[in-house]
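*Asks:* below are the sequence and a predicted model for it; my questions follow.
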Amino acid sequence: MESVKEKNHIDPAADRIPAHIAIIMDGNGRWAKERLRGRSDGHAEGVNSVHRITRLASDLGVRDLTLYAFSTENWNRPQQEVDTLMTLIGQAIRNETPDLKANNVKIRLVGDIDRLPADVQRDLYHGVEETSDCTGLNLNLCLSYSSRWELTEAMRAIAAQVRNGRINPADITEDTISAQLATSGIPDPELLIRTGGELRLSNFLLWQTAYSELYFTDVLWPDFGEKEFLAAISEYRKRERRFGRTSEQVRHTPDDPK
């Protein structure tokens, strides 16, 4: 079977494929409503999009794909919808883990995982264990996650270290904070995509996306496929990432400010 990389003649290094792409997957409910179907059908179809985009990212040589799968705020949705989402998450990870492992994709969990139902946690941690030796794409699943939760937890951890005399407040740096985040060890996203037409970050990776290129599309997540994913990457490749520098400086210095 011809890979996406071969079909589109894309070389990750030469064509500036983002090493880390984050996605706010929005529009499942509206997709279902437009088709006079239940919201659960939209979420189920959204799982199929996750499968497609994960395979595409892997084929293109993306190193990290971070998906906003369930936010802290999503706990406030109707209980029936929350229960459906939890069931889908468990089913999806059970069904997808063998394929992810076969394609050398490693699963990482980001968020307040302890809030998830015990059976879903078991499925998720099984997926993490099964793919722990994979060395290809890192699939970072943000579940029961929000940036304000994450930053609050990070500040608490740093405050405890100051109280215990392990850190001097004057020595706290950006790296100190980054090391305490739920995404510690994961490079910041170069490209953040949001589907569904909304123009906001919705409490997602607020610290990590300080220098990310933002791409918004009206396409609802269940309809987001190869064409749309490649369009987002194409737009990213057109942008000049200056990080406060001039265009002349960018031409003679590395792309990453750190």
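*Replies:* Noted; the coordinates are in hand.
*Asks:* all strands for the stretch 151-258 of the chain, in order.
*Replies:* Ranges of strands in the stretch 151-258 of the chain, per DSSP state E, counting those that start in this stretch, are 191-194, 213-216.
*Asks:* tell me the mean pLDDT for the first one?
*Replies:* This means strand 191-194. Here strand 191-194 scores 98 as its mean pLDDT.
*Asks:* sheet partners, orientation included, of it?
*Replies:* Sheet partners assigned to strand 191-194 using DSSP bridges are listed as strand 20-24 (parallel), strand 213-216 (parallel).
*Asks:* elements contacting the longest helix seen in the chain?
*Replies:* When the chain is parsed with DSSP state H, its longest helix is helix 79-102. Judged by 3 or more Cβ pairs under 8 Å, 6 or more residues apart in numbering; DSSP states H and E, the packing partners of helix 79-102 are helix 39-60, strand 64-71, strand 106-110, helix 118-130. Using the backbone N, CA and C atoms, a C-beta is placed for each residue, glycine as well.
*Asks:* need these in CSV (columns: mean neighbour count, mean pLDDT and distance to residue 224).
*Replies:* Below are the helices and strands packed on helix 79-102 laid out as CSV (neighbours: other Cβ atoms under 10 Å; pLDDT from 0 to 100; distance: least, Cβ to Cβ, whole Å):
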stretch, mean neighbour count, mean pLDDT, distance to residue 224
helix 39-60, 20, 96, 5
strand 64-71, 23, 98, 12
strand 106-110, 21, 98, 21
helix 118-130, 16, 98, 23
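*Asks:* so for residue 147, which of the ones you listed sits nearest?
*Replies:* strand 64-71 (9.7 Å; Cβ to Cβ).
*Asks:* direction included, what does the closest one pair up with?
*Replies:* strand 20-24 (parallel), strand 138-145 (parallel).
*Asks:* point out the most buried one among those.
*Replies:* Among the strands paired with strand 64-71, the stretch with the highest mean neighbour count (mean count of other Cβ atoms under 10 Å) is strand 20-24, at a mean of 25.
*Asks:* on that earlier part again, from the chain's centre, how far out does the longest helix of the chain sit?
*Replies:* 16 Å (Cα atoms, centre = their mean, to the nearest Å).
*Asks:* what sits up against that helix?
*Replies:* Under the criterion Cβ atoms under 8 Å, 6 or more residues apart in numbering, residues 39-40, 43-44, 47, 50-51, 54, 69-70, 74-75, 77, 106-107, 116-117, 119-120, 123-124, 126-127, 130-131, 134, 139, 143 lie in contact with helix 79-102.
*Asks:* the same query, at a cut-off of 6 Å, please.
*Replies:* 39, 40, 43, 47, 117, 120, 123, 124, 127, 130, 131 (Cβ atoms under 6 Å, 6 or more residues apart in numbering).
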